[in-house]
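got a predicted model here, sequence first, then my questions.
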Amino acid sequence: MSLTISVVIPVYNRFELTKYAVESVLAQTLRVSEVILVDDGSIDGTSELLPRYIEENTAWRERVRYFHQENQGVSSARNSGIEQAKGEWLAFHDNDDLWLPQKLQWQFRALEVYKDQCGLCFTDAWFMNSVDMKTTVFQRYGVEYREPVGLVSDVDGLLERLEQVWVPTVVVRADLVRRVGGFDCSIHYNEDQEFLFRMALATRFCYVSMPMALFDRTPAPQRHLGRATNAHKEDFRLQMLQSRLEKNLDSCGTSSPYTSKTLRTRLRAIHSQWTNWYLRNGDYEKARQSASLATKYDLTPGVALKWALTRVAPTLAKWVVMLRESDTKGL
């Protein structure tokens with residue numbers, strides 16, 4: 001297999017960590033054609049340090065390309081990298097993670113086996129820098145593949161459990177990425193899942209069942225930068241998740257009744273959570289609107305009761321929500 005591989009790495013600050021990430025790509029046993037660094041408006045000196053480091057480092061100067069843009073978010077940075085990429089294959093990496101040396105070699109071994117069936121390959125990965133996550137991605141999400149490489153046969157199951165696929169493990173045909181439109185820049189939380197959903201509708205996925213990357217799981221307040229710092233805000237997360245699921249449902253259409261039903265169930269849960277959020281904040285009119293939307297997506301006894309309470313006894317509904325949340329927190 002004659003290969004041209006472009007690796008896209010969004011950069012925002014973290015000059016020292018970025019160096020390690022790039023070195024882990026350049027050290028691959030299967031040579032990459034280019035590494036594209038897209039600096040999304042770093043504010044810590046990285047914008048000055050990276051171009052200088054590339055110029056002074058011979059190994060980098062041959063294959064590492066640097067681009068700078070005003071801060072627009074990780075999806076925009078990835079899309080800029082996709083636009084600049086010359087390779088027939090794209091791989092994505094984050095600037096605080098690492099690849100093991102044989103990652104790409106194993107992935108293209110899988111892609112060669114299933115070349116007539118799929119255009120995307122992902123791998124397992126270890127978490128690092130967390131005492132609470134001494135596990136791999138596959139283990140965390142209850143995924144078990146018995147063979148070293150394989151083809152995901154259950155497309156509906158994949159669409160339902162996309163959490164097993166992390167973009168920094170992905171290798172994918174560049175033409176497929178461009179065909180689906182790259183990453184959605186309007187989503188700033190869980191944006192990887194929205195992209196992968198559209199990819200799963202466009203091509204089959206194959207996998208390498210061994211961990212081939214290391215993901216940083218330093219506590220979120222230390223790890224999250226830029227727009228990602230909003231991830232601790234419940235209303236921000238709900239808005240982003242709602243947008244993602246709505247786009248997934250629109251992308252899916254009527255092609256998969258099972259997946260459509262799953263998405264509608266998840267949207268019901270999101271609007272039910274919105275109802276709780278508005279009740280806690282005393283906005284009873286919006287709570288009623290959210291409860292109505294929840295019933296339209298998936299009518300369950302619990303949602304029906306919540307819908308009724310928001311209309312006839314909103315203060316009681318608020319009390320019930322807060323009581324249940326206190327019980328959940330063990331208060």
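Right, received. Where do you want to start? Numbering: from 1, shown residues only.

domains of this structure?
5-227, 253-328 (automatic domain parsing).

nearest to residue 243, of those?
domain 5-227 (5.6 Å; C-beta to C-beta). Just so you know, the C-beta spots here come from the backbone N, C-alpha and C atoms, and that holds for glycine as well.

mean pLDDT for the domains of the chain: which is lowest?
Lowest mean pLDDT of these: domain 253-328, a mean of 89.

if we can go back for a sec, need the winner for burial among the domains of the chain.
domain 5-227 (a mean of 18; mean count of other C-beta atoms under 10 Å).

centre of the chain to that one, how far?
Domain 5-227 sits 10 Å away from the centroid of its parent chain (C-alpha atoms, centre = their mean, to the nearest Å).

doesn't residue 269 lie inside a helix?
Yes: judged by DSSP: H, G, I helix; E, B strand; the rest coil, residue 269 forms part of a helix.

which element, helix or strand, includes the residue nearest in space to the middle of the chain?
By C-alpha atoms, centre = their mean, the chain has its centre lying nearest to residue 192, at 2.5 Å. If you go by DSSP states H and E, residue 192 is part of helix 191-202.

do residue 44 as well
Counting by DSSP H and E, residue 44 is part of no helix or strand.

list the contacts for it?
13-15 (C-beta atoms under 8 Å, 6 or more residues apart in numbering).

now, which of those lie within strands?
Using DSSP state E, no member of the contacts of residue 44 falls within strands.

okay if I get those residues as JSON lines plus distance to residue 119?
Below are the contacts of residue 44 laid out as JSON lines (distance: C-beta to C-beta, whole Å):
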{"residue": "13", "distance to residue 119": "33"}
{"residue": "14", "distance to residue 119": "31"}
{"residue": "15", "distance to residue 119": "34"}
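
contacts only, for residue 138.
124, 144-145, 164, 209.

not counting its neighbours along the chain, what's nearest residue 259?
residue 159 (4.7 Å; C-beta to C-beta, 6 or more residues apart in numbering).

against which helices or strands is the helix or strand containing the one you found packed?
Using DSSP H and E, residue 159 sits within helix 155-160. Other helices and strands packing on helix 155-160, by 3 or more C-beta pairs under 8 Å, 6 or more residues apart in numbering; DSSP states H and E, are helix 191-202, helix 257-280.

out of the ones you listed, flag the one nearest residue 251.
helix 191-202 (5.4 Å).

I'd say the residue nearest to the centre of the chain and residue 167 touch.
Yes: contact criterion C-beta atoms under 8 Å: residue 192 and residue 167 qualify, at 4.4 Å.

intersection of neighbour lists for these two?
Joint contacts of residue 192 and residue 167 (C-beta under 8 Å, 6+ apart) do not exist.

mind listing what the residue nearest to residue 111 when sequence neighbours are not counted touches?
Excluding its sequence neighbours, the residue lying closest to residue 111 (C-beta to C-beta, 6+ apart) is residue 121, at 5.2 Å. Counting by C-beta under 8 Å, 6+ apart, residue 121 makes contact with 107-108, 110-111, 170-172, 205-208.

which of the residues you listed sits closest to residue 311?
Set against residue 311, the nearest of these by C-beta to C-beta is residue 205 (44.7 Å).

show me the beta-bridge partners of the closest one.
Beta-bridge pairing of residue 205 under DSSP bridges involves residue 120.

pretty sure it sits against residue 117.
No: counting by C-beta under 8 Å, residue 205 stays clear of residue 117, with 9.7 Å between them.

could you name every residue contacting both of these two?
In terms of C-beta under 8 Å, 6+ apart, residue 205 and residue 117 are both contacted by the residues residue 151.

helix, strand or coil for residue 39?
Three-state assignment for residue 39 (three-state DSSP): strand.

correct me, but it touches residue 11?
Yes: Residue 39 is within contact range of residue 11, at 4.6 Å (criterion: C-beta under 8 Å).

shared neighbours of those two, which are they?
Common neighbours of residue 39 and residue 11, using C-beta under 8 Å, 6+ apart, are 46, 50, 77.

redo those as a markdown table? Include distance to residue 301 and secondary structure.
As requested, the shared contacts of residue 39 and residue 11 are exported to a markdown table (distance: C-beta to C-beta, whole Å; DSSP: H, G, I helix; E, B strand; the rest coil):
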| residue | distance to residue 301 | secondary structure |
| --- | --- | --- |
| 46 | 53 | helix |
| 50 | 56 | helix |
| 77 | 45 | helix |
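
now tabulate those in CSV and tack on distance to residue 306.
Shown next, in CSV, are these (distance: C-beta to C-beta, whole Å):
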residue, distance to residue 306
46, 47
50, 51
77, 40
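
need the strands for this protein, in chain order.
Counting by DSSP E, the chain has strands at residues 5-11, 34-40, 64-69, 89-92, 98-99, 118-128, 149-151, 171-173, 204-216.

CSV for the helices and strands packed on helix 155-160, including distance to residue 318?
CSV is the format used below for these (distance: least, C-beta to C-beta, whole Å):
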stretch, distance to residue 318
helix 191-202, 31
helix 257-280, 4
